[in-house]
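J.: Test case, fold it:
(chains A and B, ligands or ions: 4)
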Amino acid sequence: MYLVADIDQDICSGTSCKLCTQYCPEANTIQYDEGLGAEGSKYGSAYVSVDRCKGCAICVWVCDTMAKHHAIKLEMIDKIPEIATTLGMQYTATGVVAERIKSEVLSEG
Amino acid sequence: MSLEYVKFTPGFAKFMPKEYRDMVDHGPFGRKTTVAQTGQFKEILEEHPMCAGCAMTLFIRLAFIALPNPEDTVMVGTAGCGRLAISQAAIQFVYGNYGDTNAVASGLTRGLKLRFGDKPKDVVVMAGDGGLADIGFGNTLHSWFRKEKFTTVMLDNEIYGNTGGQESGMTNKGQVLKMAPLGKKFEKMDMLGMAKVAGCAYVASVIPNNPKRVESVIKKAVLVAREVGPTYIQAYTSCNIEYGIPTEQVMQDAKDVEKERYAFSEYITDDAKEYLATQHGYKQYLPKPAPASVS
Ligand SMILES: Cc1ncc(C[n+]2csc(CCOP(=O)(O)OP(=O)(O)O)c2C)c(N)n1
Ligand code: SF4
Ligand code: SF4
Ligand code: SF4
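T.: Ligands and ions are numbered 1, 2, ... in the order given. As a prediction, the model looks like this:
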């Protein structure tokens, strides 16, 4: 198993500053969806497309040090209950809607 | 090289990979995208084999988003880490032999001008410090002296990253590297100074930590190169592998280096300012009204 970034959407949707989406070195890896986040929150949330994440933790530094929101952690991929991947994404006018899948499907092959 | 080339032949769309379909339907072609919209549109840069957390990767990603007309742009790259990503993008890519990028780009720019006349076609060289300042030094300088109208972007990781850590002319004096065990004996070359002397119309130095600034310098450099003259951007893009920077500290390193010795700088000739102001709406470069005379 390996590490990928995991975003706490409840924290992120409190402000959703969209800093990490600009600083991740990989393209279309941290995506943004208006529909995610804590119930009733004004904003959506960023999330990680795990198939593209290289586990560098630049986003962790950005969220901790620049945004000061501490919403991102590196996590073993099989310990994240629900993940998003490029294949399940729909681009819309307000962001990129992700189909969340159970990370177990990764080990099922 | 037009919006047409990204579209599918009718009936074939369903056989194309999802990434490709997303790029056609939700990519930046034919509309303006900004770094502030990242995470909400399909970027032209795809997956690539550059190292995790490489600052060069981030710079290339931001630069691609900033291109004013990606559908009318040709990238010229060469051996070195950067081309591993530059060539994995939905944009025309020409591989110039190592050291030859600025000669290749000169011919390409002139050919496109002959073929397309005043319709803007942007040529952007993106190569490493070794490729541009050492082995390609003559070609780089001569393209500037000849006033060839294209943009040169140096991905300055201050080392030959792709070949395992030799010193380049852009490495700092005293720096010990895997293949410079006694430390470099000479000063870092002043390529920014040379670009000005050789006649570049726009010269800037940046680090990737400020996405909006990267966007701004790339846009200006590409636009100025269309009409006014050669342009040069030098970007600090650390090699975390050879310099032993933990990836989570890559942005902190860039911040520190910016403060110590890689400050943002921007040089714009008066011709370039006038062109940006009158042709592209850069109001900050409009001539200041003459102060009312006191009688
Ligand atoms: C004509 C020629 N000479 C030498 C090489 C070997 N070579 C490949 S990459 C490279 C160095 C790249 O260093 P730099 O241009 O600084 O880019 P970086 O990899 O650091 O981004 C060299 C010397 C080559 N491919 N072609
Ligand atoms: S930096 Fe943190 S708070 Fe800001 S968008 Fe990213 S995860 Fe959310
Ligand atoms: S760990 Fe690195 S590659 Fe993964 S999402 Fe964060 S910044 Fe992007
Ligand atoms: S070797 Fe260095 S410059 Fe090349 S991709 Fe890796 S970290 Fe980046």
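J.: C-alpha from now on. contacts and neighbour counts both.
T.: Will do.
J.: Spell out which parts of chain B neighbour chain A.
T.: B:18-19, B:22, B:26, B:35-36, B:38-43, B:45-47, B:52-55, B:57-59, B:61-62, B:209, B:211, B:247-251 (Cα under 8 Å from any Cα of the partner chain).
J.: Could you tell me which of the residues you listed belong to helices?
T.: Using DSSP state H, the members of the residues of chain B next to chain A that fall in helices are B:18-19, B:22, B:26, B:55, B:57-59, B:61-62, B:211, B:250-251.
J.: Of these, grab the buried ones for ChimeraX.
T.: Restricted to buried positions by 16 or more other Cα atoms under 10 Å in any protein chain shown, the ChimeraX selection for these reads:
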select /B:19,22,26,55,57,58,59,61,62,211,250,251
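J.: Now the ones in helices among the residues of chain B next to chain A in a markdown table, please, with extra columns for pLDDT and distance to ligand 1.
T.: Listed next are these as a markdown table, based on pLDDT from 0 to 100; distance: Cα to the nearest ligand atom, whole Å:
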| residue | pLDDT | distance to ligand 1 |
| --- | --- | --- |
| B:K18 | 87 | 30 |
| B:E19 | 86 | 27 |
| B:D22 | 90 | 29 |
| B:H26 | 91 | 30 |
| B:A55 | 98 | 11 |
| B:T57 | 98 | 10 |
| B:L58 | 98 | 13 |
| B:F59 | 98 | 12 |
| B:R61 | 98 | 15 |
| B:L62 | 98 | 17 |
| B:P211 | 97 | 20 |
| B:V250 | 98 | 16 |
| B:M251 | 98 | 18 |
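J.: Return only those of the ones in helices among the residues of chain B next to chain A found close to ligand 4.
T.: Subset of those in contact with ligand 4: empty, counting by Cα under 6 Å from any ligand atom.
J.: what's the closest of the ones in helices among the residues of chain B next to chain A to chain A?
T.: Nearest to chain A among these, counting by Cα to the nearest Cα, is B:L58 at 3.9 Å.
J.: what's the closest non-adjacent residue to that closest one?
T.: In space, and not counting its chain neighbours, B:L58 is closest to A:P25: 3.9 Å by Cα to Cα, 6 or more residues apart in numbering or on different chains.
J.: any idea how far the one you found lies from B:A180?
T.: 28 Å (Cα to Cα, to the nearest Å).
J.: Between the two, point out the one with more neighbours.
T.: Counted by other Cα atoms under 10 Å in any protein chain shown, A:P25 and B:A180 do not tie: A:P25 has more neighbours, with 29 against 15.
J.: interface residues of the stretch 151-295 of chain B facing ligand 4?
T.: Checking the stretch 151-295 of chain B against ligand 4 by Cα under 6 Å from any ligand atom, the hits are B:G161, B:N162, B:C239, B:N240, B:I241, B:E242.
J.: Now for B:D134: which residues touch it?
T.: Under the criterion of Cα atoms under 8 Å, 6 or more residues apart in numbering or on different chains, the neighbours of B:D134 are B:G99, B:S168, B:G169.
J.: still on that earlier bit, of all the residues of the stretch 151-295 of chain B next to ligand 4, which two lie farthest apart?
T.: B:N162 and B:N240 (12.1 Å; Cα to Cα).
J.: neighbour count winner among the two?
T.: Shown here are B:N162 and B:N240; by other Cα under 10 Å, B:N240 has more neighbours (22 against 16).
J.: I'd say that one and B:V250 touch.
T.: Yes. With contact defined as Cα atoms under 8 Å, B:N240 counts as touching B:V250 (6.9 Å).
J.: Could you list the low-pLDDT ranges of the stretch 51-200 of chain B?
T.: Along the stretch 51-200 of chain B, no part satisfies pLDDT under 70.
J.: Chain A now?
T.: For chain A, the stretches flagged by pLDDT under 70 are A:105-109.
J.: Do you have the helices of it handy? List them.
T.: Under DSSP H, chain A gives helices at A:9-12, A:20-23, A:58-61, A:104-108.
J.: Quick one: those helices as CSV, columns for mean neighbour count and distance to B:A201 too.
T.: CSV is the format used below for the helices of chain A (neighbours: other Cα atoms under 10 Å in any protein chain shown; distance: least, Cα to Cα, whole Å):
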stretch, mean neighbour count, distance to B:A201
helix A:9-12, 19, 43
helix A:20-23, 26, 29
helix A:58-61, 25, 34
helix A:104-108, 10, 52
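J.: And these: which comes nearest ligand 3?
T.: Nearest to ligand 3 among the helices of chain A is helix A:58-61 (4.1 Å), distances taken as Cα to the nearest ligand atom.
J.: Who are the packing partners of that closest one?
T.: Judged by 3 or more Cα pairs under 8 Å, 6 or more residues apart in numbering or on different chains; DSSP states H and E, helix A:58-61 is in contact with helix A:20-23, strand A:72-76, helix B:250-260.
J.: Enumerate every residue touching residue 18.
T.: This is for chain A. A:Y32, A:A46, B:A36.
J.: try chain B instead
T.: By Cα under 8 Å, 6+ apart, B:K18 lies in contact with A:L87.
J.: any chance of the ones in helices among the residues of chain B next to chain A in CSV, plus distance to B:Y95?
T.: Below are these laid out as CSV (distance: Cα to Cα, whole Å):
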residue, distance to B:Y95
B:K18, 27
B:E19, 24
B:D22, 26
B:H26, 27
B:A55, 22
B:T57, 18
B:L58, 21
B:F59, 19
B:R61, 19
B:L62, 21
B:P211, 27
B:V250, 28
B:M251, 29
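J.: what does chain A have sitting close to ligand 2?
T.: Counting by Cα under 6 Å from any ligand atom, chain A sits next to ligand 2 at A:7, A:12, A:16-20, A:46, A:62-63, A:67, A:69, A:71-72.
J.: which stretches of the chain form strands?
T.: Let's take chain A. A:3-7, A:30-33, A:45-48, A:72-76, A:82-83, A:89-92, A:95-98, A:101-102 (DSSP state E).
J.: try again with chain B
T.: Listed in chain order, the strands found in chain B under DSSP E are B:73-77, B:92-95, B:122-128, B:151-156, B:202-206, B:231-236, B:265-268.
J.: Is whichever helix or strand comes after the longest one positioned near ligand 4?
T.: Tracing the chain past strand B:122-128, the next element assigned as helix or strand by DSSP states H and E is helix B:129. No. Applying Cα under 6 Å from any ligand atom, one finds helix B:129 separated from ligand 4 by no less than 10.7 Å.
J.: What lies in contact with helix B:129?
T.: B:M154, B:L155, B:D156, B:N157, B:E158, B:I159, B:Y160, B:S168, B:G169, B:M170.
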